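Asks: Here is a sequence with its predicted model. Questions after.
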Amino acid sequence: MKDTPISPDQMSESTEASHPAGSFRPSRPPVPLAVWLAGGWVVAMVLVALLADILAPYGITALDLRNRLAPPGTPGHWLGTDELGRDVLSRLIVSIRVSLLIAFGAAVLSAVLGTTLGFLAAHFRGVVEQIVLMLADFQAALPFLILALAVLAFFGNSLVLFVCLMGLLGWERYARIARGLALSSSGQGYAAAVRQLGASPARVYFRHILPNTASTLIVSMTIVFPEIILMESGLSFLGLGVQPPQTSLGSMVGYGREYLTTAPWIMLAPAITIILTTLAVSLLGDWLRDRLDPTLR
Amino acid sequence: MSALLDARNLGRTYRMRQGLFGRVLDIHAVDGVDLSVAPGETLGFVGESGSGKSTTGRMVLGLEPLDAGEVRFEGEPLPPTGSPAWRRQRTRMQMIFQDPLAALDRRLTIGVQVREPLDIHDIGAREERDERALSLLSLVGLSPVHAARYPHELSGGQRQRAVIARALATEPRLLVCDEPVSALDVSIQAQVVTLLQKLQDNLGIGMLFISHDLRVVRQISHRIAVIYLGRIVEEGTAEDLFQAPLHPYTQALVAASPEPGRGKIRRQPLQGDPPNPADRPSGCAFHPRCPVAEARCRDSLPSLTPVDGTRRVACHLVSRQ
């Protein structure tokens, strides 16, 4: 794992915090090591995804038939090869790009969609609220896998469609949380107080309600993130997700399962990547939640 | 003298359904309430919980829709709630809430929040707003140190002071205080009430002071209105009302609040159930609990009639005398 230099970043952090900028802000406590490591990992993953074309030593479909099922450490194939002699490291790097694109894209999409609908429901009440809640109930009652299967079977498969579909995973949780928190803050709470100060709805929602609900929404996002990766691997395993020859972490795991006893590295490399990435996202989310909530310092 | 705030015949009705298929019930939370506040004057608004006093306060500010009646502020009717004109008008009228911790955004520092009304209404130069926020804090007796604190780091009294400072930022003419001290310790209550009085003397603000605590209302109010089940039953100057309450309900309230030096008076605790707005008694709503109720109190609703000058009472027995 890449080691992140701590001191220079902390220096810039503290100078930024002590910058007056006309606001009343106290200084902030230092960032714990685990969070630095998690942040470093996520940054490394993003870099890998961005630079996949440069980093991957072979193409994902390039066969090396003399080195089939080579164990990790084989010169030229540091993470080994699969049963067709394809380089696991190259496939892993490209898989990270595909999976990260799907997972981050879908997580952000579902958070934005759910939060927006929740706020709309809380703001307009009445018919709008009923429709949003009805859709949320519908989403929660229907197993997502069945919905995904139906959509993919009818509309075929493309990466854009797949990301949008995954963006529907878990939006109803954001919607309910956002609606509930917005309602409770506008009864006798701070949102009502700010509203009667004369603030526009945009200001009430973006400057007050959204930052106050952010901690809950971020935690929700760190839960949805691994769910999306798992759902993606499930769908890829069923043959409806990422289509070969394209590869993803999930499809690599599903595919490598057959060689679990003879060539475990095919499956272990992507599985460990999934575990570390979801753990890093959770750690970061947890820290961010505490950071956003001044009462938890 | 023209009134700062003039509300006529206010009415607010909530619809409630009993059970899934029950009949729809109209609950008259506020019914035919008249009130006016002059600049620099405090009108105390007293009533039990559920009597509609908070609803009235919110209606007067345009936070709650009117089902009947009209509110005039500085001679003009209120603009529609949420419209740009209504939002601009917030600089002229402000509210102070019961629970200061809930009314403050716990994620922002006190200084940022006191400054916020200035940012919202774009008052003064950007660079001077921090200065103005600090001077507001000192006006309510908080030091600049508190500006960098978060709401949970302050005591209850300090928080309520911060809320007051925020309400005063735009120099409003009218302040509606909805039970501003009932969430505070008794020792802090006096401080906050004294602060409000002092600010009113200096700034000439008109106040509608809503409370269920008679002692507090008596200390701060020039005039007092007593509300029972959504209707005003007695209104008069604070002195008159406490020295010689006319309505039986006011008499019971005054008798129930102890006062040193008044000596022993015969105290009759109120009999019967506390009022339920969903099941309003016929005639005078107070008659089931009234010690001197007569037959006609059950049938006809007494209207609020003037008794000697500034005073108004809604009771059959008083208007007869």
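Replies: Looks like it came in fine.

Asks: Quick check: which helices or strands does the helix or strand harbouring residue A:165 pack against?
Replies: Assigned by DSSP states H and E, residue A:165 belongs to helix A:159-166. Where contact means 3 or more Cβ pairs under 8 Å, 6 or more residues apart in numbering or on different chains; DSSP states H and E, helix A:159-166 is packed against helix A:88-124, helix A:144-155, helix A:210-237. To be clear about C-beta, it is placed using only N, CA and C from the backbone, and glycine gets the same treatment.

Asks: Buried ones in the last one, by neighbour count?
Replies: Spelled out, it's helix A:210-237. Buried residues in helix A:210-237, counted by 16 or more other Cβ atoms under 10 Å in any protein chain shown: A:210, A:212-229, A:231-236.

Asks: hang on, the earlier thing: which of the helices and strands packed on helix A:159-166 comes out lowest on mean pLDDT?
Replies: Among the helices and strands packed on helix A:159-166, helix A:210-237 carries the lowest mean pLDDT, a mean of 83.

Asks: Off-centre distance for it?
Replies: Centre-to-centre, helix A:210-237 and its host chain are 6 Å apart (Cα atoms, centre = their mean, to the nearest Å).

Asks: ok so, going back, do you know which of the helices and strands packed on helix A:159-166 lies nearest residue A:136?
Replies: Of all those, helix A:88-124 sits nearest to residue A:136, with 7.9 Å by Cβ to Cβ.

Asks: Could you measure from residue A:257 over to chain B?
Replies: Distance of residue A:257 to chain B, given as Cβ to the nearest Cβ, to the nearest Å: 46 Å.

Asks: ok, for that residue, nearest residue in space, not its chain neighbours?
Replies: In this structure, residue A:257 finds its nearest non-sequential neighbour in residue A:267, 6.0 Å apart by Cβ to Cβ, 6 or more residues apart in numbering or on different chains.

Asks: close enough to count as contact, the one you found and residue A:256?
Replies: Yes: contact criterion Cβ atoms under 8 Å: residue A:267 and residue A:256 qualify, at 3.2 Å.

Asks: What residues does chain B have near chain A?
Replies: Taking Cβ under 8 Å from any Cβ of the partner chain as the criterion, chain B approaches chain A at residues B:61, B:63, B:82, B:87-91, B:94-95, B:97-99, B:102-107, B:109-112, B:116-117, B:120-121, B:126-127, B:129-130, B:147-148, B:150, B:152, B:163, B:166, B:170.

Asks: One more pass at 7 Å, please.
Replies: Residues of chain B lying close to chain A (Cβ under 7 Å from any Cβ of the partner chain) are B:61, B:63, B:87-88, B:90-91, B:95, B:97, B:99, B:102-107, B:109, B:111-112, B:116-117, B:120-121, B:127, B:130, B:147-148, B:150, B:152.

Asks: in chain B, which spans are helices?
Replies: Remark: helices assigned in chain B by DSSP state H are B:53-60, B:84-89, B:100-103, B:110-121, B:129-139, B:156-168, B:186-203, B:214-220, B:238-243, B:248-256, B:295-299, B:316-320.

Asks: Those helices: lowest mean pLDDT?
Replies: Lowest mean pLDDT within those: helix B:316-320, at a mean of 74.

Asks: Quickly note the distance from the most centrally placed residue in chain B to chain A.
Replies: Nearest residue to the geometric centre of chain B (Cα atoms, centre = their mean): residue B:210, 2.3 Å. Distance, residue B:210 to chain A, by Cβ to the nearest Cβ: 14 Å.

Asks: so what's residue B:35 up against?
Replies: With contact taken as Cβ atoms under 7 Å, 6 or more residues apart in numbering or on different chains, residue B:35 is in contact with B:7, B:43, B:225.

Asks: Below-threshold pLDDT in the stretch 1-150 of chain A: ranges please.
Replies: For the stretch 1-150 of chain A, the stretches with pLDDT under 70 are A:1-28.

Asks: Could you rerun that using 50?
Replies: Residue ranges of the stretch 1-150 of chain A with pLDDT under 50: A:1-22.

Asks: Show me the contact partners of stretch B:82-102.
Replies: With contact meaning Cβ under 7 Å, 6+ apart, stretch B:82-102 is reached by A:188-190, A:193, A:196-198, A:200, B:61-62, B:73, B:79-80, B:103, B:121, B:151, B:156, B:159-160, B:163-164, B:167, B:170, B:172-180, B:182-183.

Asks: Please repeat the previous calculation with a cut-off of 6 Å.
Replies: Contact with stretch B:82-102 is made by A:188-189, A:196-198, B:61-62, B:79, B:103, B:121, B:151, B:159-160, B:163, B:167, B:170, B:172-180, B:183, as judged by Cβ atoms under 6 Å, 6 or more residues apart in numbering or on different chains.

Asks: So which bits of it are buried?
Replies: Across stretch B:82-102, burial judged by 16+ other Cβ under 10 Å covers B:86-87, B:89-91, B:93-102.

Asks: how much space is there between residue A:96 and chain B?
Replies: Distance of residue A:96 to chain B, given as Cβ to the nearest Cβ: 35 Å.

Asks: What's the local residue count around that residue?
Replies: 25 (other Cβ atoms under 10 Å in any protein chain shown).

Asks: my guess is it meets residue A:51, correct?
Replies: No: applying Cβ atoms under 6 Å, one finds residue A:96 not in contact with residue A:51, separated by 10.6 Å.

Asks: what subset of the buried residues of helix A:210-237 is also close to chain B?
Replies: residue A:212 (Cβ under 6 Å from any Cβ of the partner chain).

Asks: circling back: ok now the helix or strand containing the residue nearest to residue A:257, how far from the chain's centre?
Replies: Here residue A:267 is covered by helix A:265-292, with elements defined by DSSP H and E. Offset of helix A:265-292 from its chain centre (Cα atoms, centre = their mean): 9 Å.

Asks: same thing with stretch A:61-72?
Replies: Distance, centroid of stretch A:61-72 to centroid of chain: 32 Å (Cα atoms, centre = their mean).

Asks: list the buried ones in it?
Replies: Here stretch A:61-72 shows A:64, A:67, A:70, A:72 as buried, counting by 16+ other Cβ under 10 Å.

Asks: contacting residues for the third one?
Replies: By Cβ under 6 Å, 6+ apart, the residues touching residue A:70 are A:77, A:80, A:81.

Asks: what's the spacing between it and chain B?
Replies: 55 Å.

Asks: again with the first one
Replies: In this view, residue A:64 and chain B are 56 Å apart by Cβ to the nearest Cβ.

Asks: surely that residue meets residue A:85?
Replies: Yes: Residue A:64 lies in contact with residue A:85 (Cβ under 6 Å); the separation is 4.0 Å.

Asks: Skip the chain neighbours and tell me the closest residue to the one residue in the stretch 151-300 of chain B that gets nearest to chain A.
Replies: Nearest residue of the stretch 151-300 of chain B to chain A, counting by Cβ to the nearest Cβ: residue B:152, 4.9 Å away. Leaving aside its sequence neighbours, residue B:152 sits nearest to residue A:295 (Cβ to Cβ, 6+ apart; 4.9 Å).

Asks: Can you give me the distance of that neighbour to residue B:91?
Replies: With the distance defined as Cβ to Cβ, to the nearest Å, residue A:295 ends up 31 Å from residue B:91.

Asks: show me what contacts residue A:154?
Replies: No residues are in contact with residue A:154 under the rule Cβ under 6 Å, 6+ apart.

Asks: now stretch A:195-211, how far from the centre of its chain.
Replies: Distance, centroid of stretch A:195-211 to centroid of chain: 28 Å (Cα atoms, centre = their mean).

Asks: First residue to last residue on stretch B:57-69, what's the distance there?
Replies: One end of stretch B:57-69 to the other measures 14 Å (Cα to Cα, to the nearest Å).

Asks: how about stretch A:169-186: buried residues?
Replies: Quick answer for stretch A:169-186 (16+ other Cβ under 10 Å): A:169-179, A:181-183, A:185-186.

Asks: Please disregard the earlier target; I meant stretch A:127-142.
Replies: Judged by neighbour count (16+ other Cβ under 10 Å), stretch A:127-142 contains these buried residues: A:129, A:132, A:133, A:136, A:139.
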